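Trainee: Take a look and give me a structure for this.
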Amino acid sequence: MEKRGDKFHVQVSMDEHGVDVRPFGEIDCATVGAFRSALWAVPSRPVLRLHLSGVQLLAAAGVRALVAAHLRIRAQGGEMLLVDPDPMVTEVLRVSGLHRFVPVVTSAALPQPAQPMVLAA
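Mentor: Below is the predicted model of the structure:
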């Protein structure tokens, strides 16, 4: 599955254990609606891995969307991981305190799925 805009798009893939969400571009007031929509549209799985290496800007609206997604996923018994954030995004996560309750990991630390299913538009 893919949602695409001029300065932002999201790719989603999944396997039986988790969902990988890969946003690309800037997450700000103009794009947060598409980002939030993509997060809410992902199928329920035990783990949502949010790969942030393609995000160059994470504004306050994006942080709020991450907090809301984290709370929603946790309420369903799942876990959200923030994977490989860009250095600028890492700083936003640190300053906002989000890194204290949502794990930030490297992709090298993730288990490699045997045969992922990829959904693309």
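Trainee: where's residue 37 relative to residue 99, distance?
Mentor: Residue 37 is 24 Å from residue 99, where distance means Cβ to Cβ, to the nearest Å. Yep, even glycine has a C-beta here, placed from its N, CA and C like the rest.
Trainee: list the contacts for the residue nearest the centre of the chain?
Mentor: By Cα atoms, centre = their mean, the mean C-alpha position of the chain lies nearest to residue 50, the distance being 2.8 Å. Each residue near residue 50 by Cβ atoms under 8 Å, 6 or more residues apart in numbering is listed here: 21, 23, 66, 69, 80-83.
Trainee: Recalculate using a threshold of 10 Å.
Mentor: Taking Cβ atoms under 10 Å, 6 or more residues apart in numbering as the criterion, residue 50 is in contact with 10, 19-23, 39, 42, 66, 69-70, 73, 80-85, 102, 104.
Trainee: Also residue 72?
Mentor: By Cβ under 10 Å, 6+ apart, the residues touching residue 72 are 39-40, 48, 78, 80.
Trainee: One more: residue 99?
Mentor: 82, 85, 90, 92-93.
Trainee: so it, which of the three states?
Mentor: Three-state assignment for residue 99 (DSSP: H, G, I helix; E, B strand; the rest coil): helix.
Trainee: Now residue 11: closest residue in space that isn't a chain neighbour?
Mentor: residue 22 (4.5 Å; Cβ to Cβ, 6 or more residues apart in numbering).
Trainee: Let's test this: mean pLDDT of the helix or strand hosting that neighbour, rounded?
Mentor: Per DSSP states H and E: residue 22 is located in strand 18-27. For strand 18-27, mean pLDDT rounds to 95.
Trainee: ok so, going back, what would the contacts of residue 99 look like in JSON lines with distance to residue 54, neighbour count and secondary structure?
Mentor: Formatted as JSON lines, the contacts of residue 99 follow (distance: Cβ to Cβ, whole Å; neighbours: other Cβ atoms under 10 Å; DSSP: H, G, I helix; E, B strand; the rest coil):
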{"residue": "82", "distance to residue 54": "13", "neighbour count": "21", "secondary structure": "strand"}
{"residue": "85", "distance to residue 54": "10", "neighbour count": "23", "secondary structure": "coil"}
{"residue": "90", "distance to residue 54": "14", "neighbour count": "16", "secondary structure": "helix"}
{"residue": "92", "distance to residue 54": "15", "neighbour count": "22", "secondary structure": "helix"}
{"residue": "93", "distance to residue 54": "15", "neighbour count": "19", "secondary structure": "helix"}
